[in-house]
Structures are given as structure tokens and as C-alpha cells.
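> Got a sequence here, can you model it:
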Amino acid sequence: MGHANFIDTQNLQIARENMGLDTITTSKKITKSQDDVVKKFESGEKLPTWSQVERLAEVYNISPILLFSGTKITRNKEIPDYRVGASAKSIIAVHKLVNLVITRQKWLESRLKTEGTKENFLQGSGRDMATPKELANFIKKKLGVDHSFIKETSGTGARARVLKYLIQSAEYKGIFVGKTISYHRIEVEDLRGLYISNKYCPYIVINRRDAKAAQIFSFVHELAHLFRKTDSISNSLDFRTVGNKSDDEEIFCNKVAAEFLLPEEDLVQNYYSVSDINSLSHTYKVSELTVFYRLKELRKLRVDDVDGLEMKLIRESKEAVRKMEEDNRKKDTPVGNYVNSMKDSNGSLFNNYVLRLYADNDIGHVEAKNILRFSPELV
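Residues are numbered from 1 along each chain as shown. Okay, here's the model as predicted:
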């Protein structure tokens, strides 16, 4: 089999580093040999075969052409990783997601700047807010969120409607919002939310596999990062601590989400019982575990066995995630699953923007399909 001459060794290295991989790990993905062939490819000591180039491009989530192109691959910026306890195997999937978002942002920024779109003024506009309460109220005001809508929405699918309402409020202000891609198979424990800043097209991604109550909390958490303009990869919903490590930024944003969704001023009773936790969960569209943590933080919880209740609520939270995954498998048909998944992953603002460009003949069918990852007629 022939070897690939004229391979761009710099693009090879940057593409690998953008995925957060070392050379030996990558080598094991494309060859059965114990030799660190990728290191030799990047140094120019050895040339890859054409099949190895195709496998490398697949691992790097790019077109093989870029490994030969005169166009230099841009090195991705570092996104602060606040996750605790994430599995080692998730690193490739998470970096694929980050790569995809940044690629979208580069394309969007070019288009939006050409159209004369102004920079998104919301990013960083709340960075000087001293307390979680101040920032939570600031976000509600800037996005025009009516908190009574959250409390008064009821019935089947109430949390889904609240999540949609919050996302639409953000998209109306030029914030792009999507969900994880199903075939990346990113588990909830490995990622719950992601925010990547951009002057023109900030992007928030939440995990589609998570329970709706947790998606709501994660979304508001990432909004807090956006208003502080602190890029993030997150997986914790506990606003008291973040696992076993203390990270002021992550804790602050979790507290903003808690105040946004469960305002202290609404919790007027001196003490709340176990039965109150369920009621507050339904009213405020957050999980019972979040209500538990909020009441415990405010010293308004009256429970004999606090640790036992916490463990019980953690188990129920995990069960809710498992049930949601099961329900999603049942309601999605094999034919419609991929397109519906990609629509959800792209987000409405992104889908509709690409569709507008296509309808106005500013981009062709092939470009629109490649960007959306499905035919634009299906938007």
C-alpha cells in the first residue's frame, strides 16, 4: 500500500493536540504495533499509509484533506475543565464535542461579521456581580425571564416546557444552545454542560442524556459562566462544593443556578420537611436533590437522617437519568432518530440560521448539509 507523501506534519500535530491525545495513545488507535508511529509521522521520520491517514482523520474528527491542505489547522483554545470524577475514556468524546462547537463558531463568526452583526454584549456583562443572588437577578432581567412561568407551568412535560422557554429566552439574545450528539455517547457523569465563548456566537451545550430537571439546572449554570465569560466544561450540580475539590468559579456558578431557580426570597418558611421537598421540586422544576441541597445550605431543612436522605435522593436522581434514556429510545424511531438528534444537538438558532442562508442562496445544498449534518429541507 502506498504512503501519503506531502503530509502536513504541523497539521498532524495540532489536530491531535486539539483532541487532547498523546502520540502513543493515538498510535494504538491506528495500528496494532507497539511502535509510536504517530510521533514518527509528526517528526517526518516516517510517512503514514493512506489507510492510516483516513483513520487518523476519523480519530481527529476532521477531513483527511486538511492533513495535506496548505491551510493550517487552528490550535483550539484551552477550555477550563471543572469536572470531577469523569472517566478517562470520555476525553476523546468530550474533545470531539469541543472541536465541533469551535468549528461551528469559526464558521458562524465569519458569516455574522460579514453580515455586520454586532458582538454579543451579554458575555461578561455580569462579571462584576459580587453575589450569586445579584447575578441570578441580573440574568433574569437581561434575558427577560418571567420566573412565575417556571412556577406556574404544570402537568405532563412541564420541565421540558420550562427548559424550552429558558433556551428560547437565551437564543432570542443571540446565545447559541445545543445538546450533546448521541453518537458521541457522552455519559452524564462525564459532562453535564459546556460553555465556549465567542464575540459573535457564544455556545452552550447541555447533555441530552440527563434528566430534564438536571438539564434546566445545568443550562442556568452555563448561563452564569457566559455572563461571567468564563469558559467551562462542567459535570457537577452540587452548589456547595464540587466533588472533593474546591473551585470558586464552579461553585459560584452553581450557586447562581440555585438562586435563579430556587430564590431565597421564595423560601419563607423557617423549616421544611421531607414532604415539602417533593412539592418544591415540582413547583420550581428542579430535582429533589437540588431542593435538598438548597434547603440544607439555607439551614431550613428539618430531617432526622440527613445523610440517609441525601443518599436516597442521589439514587433516585441516577434512576431518573436511566429512565429518561429508556424513554428516549422508545419514542425515537430508527429512521427519525438521527435527524431529530442532530436538530437537537445543533440547536434551533443554529438550524434556522443555516436554513436562512440556504433559502437566500448564500450557501449551497452541499455546504448546508455538511454544516447541519442532515439535509436542510428537514429543518
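> in this protein, which spans are strands?
176-179, 193-196, 203-206, 232-234 (DSSP state E).
> Show me what the shortest one packs onto, helices and strands only.
When contacts are defined as 3 or more CB pairs under 8 Å, 6 or more residues apart in numbering; DSSP states H and E, strand 232-234 packs onto strand 193-196, helix 212-228, helix 248-261. Heads up, the C-betas are built off the backbone N, CA and C, glycines and all.
> Please save the CA atoms from the shortest one in PDB.
Extracted C-alpha coordinates of strand 193-196, given in PDB (Å, rounded to 0.1, in the frame of the first residue of the first chain):
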ATOM      1  CA  GLY A 193     -22.700  21.300  30.500                       C
ATOM      2  CA  LEU A 194     -20.300  23.200  28.300                       C
ATOM      3  CA  TYR A 195     -19.900  26.900  27.500                       C
ATOM      4  CA  ILE A 196     -17.400  28.300  24.900                       C
END
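> what residues does that strand touch?
Residues outside strand 193-196 that contact it (CB atoms under 8 Å, 6 or more residues apart in numbering): 79, 97-98, 101-102, 105, 202-207, 218-219, 221-222, 225-226, 230-235.
> hmm, back to that, winner for burial among the helices and strands packed on strand 232-234?
strand 193-196 (a mean of 27; mean count of other CB atoms under 10 Å).
> still on that earlier bit, could the strands of the chain go into CSV alongside distance to Gly157?
As requested, those are exported to CSV (distance: least, CB to CB, whole Å):
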stretch, distance to Gly157
strand 176-179, 17
strand 193-196, 22
strand 203-206, 17
strand 232-234, 26
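> nearest residue to the residue most central in space within the chain other than its sequence neighbours?
With distances taken as CA atoms, centre = their mean, Val205 lies nearest the centre of the chain, 2.6 Å away. Spatial nearest neighbour of Val205, excluding adjacent residues (CB to CB, 6 or more residues apart in numbering): Leu194 at 4.3 Å.
> repeat for Leu56
Closest to Leu56 by CB to CB, 6+ apart is Ile30, at 6.0 Å.
> In CSV: the helices and strands packed on strand 232-234, plus mean pLDDT.
Converted to CSV, the helices and strands packed on strand 232-234 look like this (pLDDT from 0 to 100):
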stretch, mean pLDDT
strand 193-196, 97
helix 212-228, 96
helix 248-261, 94
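> Which stretch among those approaches Glu171 most closely?
helix 212-228 (11.5 Å; CB to CB).
> The nearest residue to Cys201 once chain neighbours are set aside and Gly157, how far apart?
In space, Cys201 comes closest to Leu108 once its chain neighbours are excluded; the distance is 4.1 Å by CB to CB, 6+ apart. Distance of Leu108 to Gly157, given as CB to CB, to the nearest Å: 31 Å.
> Equivalent analysis for Gly174, please.
27 Å.
> Of those two, which one has the most company?
The neighbour count for Gly174 versus Gly157, taken as other CB atoms under 10 Å, is higher for Gly174 (18 against 12).
> can you count the residues close to the nearest residue to Asn11 once chain neighbours are set aside?
The spatially closest residue to Asn11, leaving aside those adjacent along the chain, is Ile73, at 4.7 Å (CB to CB, 6+ apart). Ile73 has 19 neighbours, counted by other CB under 10 Å.
> list the contacts for Ile73?
10-11, 14-15, 18, 62, 66.
> got it, and Arg75?
Taking CB under 8 Å, 6+ apart as the test, what Arg75 contacts is 14, 17-18.
> from those, which single one is nearest Lys118?
Asn18 (29.1 Å).
> Would you confirm that the closest one contacts Val101?
No - using CB atoms under 8 Å, Asn18 is not in contact with Val101; the gap is 12.0 Å.
> returning to what we had before: which two of the contacts of Ile73 have the greatest separation?
Gln10 and Ile62 (13.7 Å).
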